[in-house]
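**Student:** give me the fold of what follows.
(one chain, ligands or ions: 1)
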Amino acid sequence: MTASPIVLWGRLNSHNVKKVAWALVEMDLPFVRHDIGGPFGYTAEYLAMNPNRLVPTIEDGGLVLWESNAILRYLADAHAPAFRSDDPAVRAAGDKWMDWQFQFADAQREAFLGCVRQGKDGGDPGVAASAAKAAAMMTLLDVELARRPWLSGDRFGIADVPMGVYAHTYFSLPVERPALPHLAAWYAKLKARPGYSGQVMIPLT
Ligand SMILES: N[C@@H](CCC(=O)N[C@@H](CS)C(=O)NCC(=O)O)C(=O)O
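**Tutor:** Below you'll find the model as predicted:
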């Protein structure tokens, strides 16, 4: 039981902040979020908590924690164990996709920045190359999702959150995408989940 609301620091148009905000809603944990980072800039107080000059950071009781996937694991372990399998093999398989997400973010970055922040479209060579790299990685996720319903195992959990956030961006960019039926079915299920529309499916900026 949390005595006071968890505090989440970070602008919501950040992929990494979205992960935490969505997970908090999924876990039904009370929280307050403060905009910081990007156009909002940073305060000395924030940088004392997180000297990386990055978002997100959370405060929960006496704990200050940064690194979005570490935050997801902490939230499940401390407050919502149903969101993380206690079977080491299932847990490790989910952890793998959580860590893999950072490579996916690198692959999709130029397409995201080009289309969302620089007014380009799928015809731009840099955008198209980045979109193709992202699509190639998504074919691997499609194979995985043919084998099991969730990246977390038999039920939704924190391992679905990192790529769940990036999937929304992937399906929203004006670029070519191959047909990946298992990925599409998983994304459709995510769209019906608590918090996904309010914390993740916001306009890309
Ligand atoms: N590995 C870190 C990466 C954090 C990160 O790169 N955050 C980006 C936003 S997605 C950021 O803070 N950019 C600078 C800013 O917004 O001021 C995590 O997962 O928390």
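**Student:** from here on, just use CA atoms for contacts and neighbour counts.
**Tutor:** Fine.
**Student:** separation between Trp97 and the ligand?
**Tutor:** 13 Å (Cα to the nearest ligand atom, to the nearest Å).
**Student:** can I assume that residue is in contact with Ala159?
**Tutor:** Yes: in this structure, Trp97 is within contact of Ala159 by Cα atoms under 8 Å, at 6.7 Å.
**Student:** looking at those two, which is more packed in?
**Tutor:** Ala159 (27 against 20; other Cα atoms under 10 Å).
**Student:** which residues touch the more buried one?
**Tutor:** 84, 94-95, 97-98, 151-152 (Cα atoms under 8 Å, 6 or more residues apart in numbering).
**Student:** picking up where we left off before, which residues do Trp97 and Ala159 both contact?
**Tutor:** Leu151.
**Student:** close to the ligand: what parts of the chain are there?
**Tutor:** Residues of the chain found near the ligand (Cα under 6 Å from any ligand atom) are 14-16, 37-38, 54-56, 67-69.
**Student:** give me that answer again for 8 Å
**Tutor:** Proximity of the chain to the ligand (Cα under 8 Å from any ligand atom) is limited to residues 10-11, 13-17, 36-42, 53-57, 66-70, 102.
**Student:** right, and Gly61 touches Ala78 too?
**Tutor:** No: the pair Gly61 / Ala78 is not scored as a contact, 11.6 Å apart, by Cα under 8 Å.
**Student:** just to revisit the earlier point, quick one: which of the contacts of Ala159 has the most company?
**Tutor:** Among those, Leu151 has the most neighbours (other Cα under 10 Å), with 28 neighbours.
**Student:** hmm, Ala131 and Val175 touching each other?
**Tutor:** Yes: contact criterion Cα under 8 Å: Val175 and Ala131 qualify, at 6.7 Å.
**Student:** related to what we said a few turns ago, okay, and which of the residues of the chain next to the ligand map to helices?
**Tutor:** Mapping these onto helices (DSSP state H) picks out 15-17, 68-70, 102.
**Student:** before we move on, back to that, hmm, which of the residues of the chain next to the ligand are the buried ones?
**Tutor:** For those, a burial check counting by 16 or more other Cα atoms under 10 Å picks out 10-11, 13-17, 36-37, 42, 53-57, 66-69.
**Student:** where does the chain have low pLDDT?
**Tutor:** Residue ranges of the chain with pLDDT under 70: 1-2.
**Student:** kindly report the domain assignment for it.
**Tutor:** The chain breaks down into these domains under automatic domain parsing: 6-83, 88-199.
**Student:** those into a markdown table, with extra columns for distance to Thr205?
**Tutor:** Shown next, in a markdown table, are the domains of the chain (distance: least, Cα to Cα, whole Å):
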| stretch | distance to Thr205 |
| --- | --- |
| domain 6-83 | 6 |
| domain 88-199 | 6 |
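**Student:** now stretch 24-38: buried residues?
**Tutor:** Buried, per 16+ other Cα under 10 Å, within stretch 24-38: 24-27, 29, 31, 33, 35-37.
**Student:** mind checking what helix or strand follows whichever strand or helix holds Trp100 in sequence?
**Tutor:** Here Trp100 is covered by helix 88-112, with elements defined by DSSP states H and E. The helix or strand immediately downstream of helix 88-112 is helix 125-147, counting by DSSP H and E.
**Student:** just how off-centre is that following helix within its chain?
**Tutor:** Once both centres are worked out by Cα atoms, centre = their mean, to the nearest Å, helix 125-147 turns out to sit 16 Å from its chain's centre.
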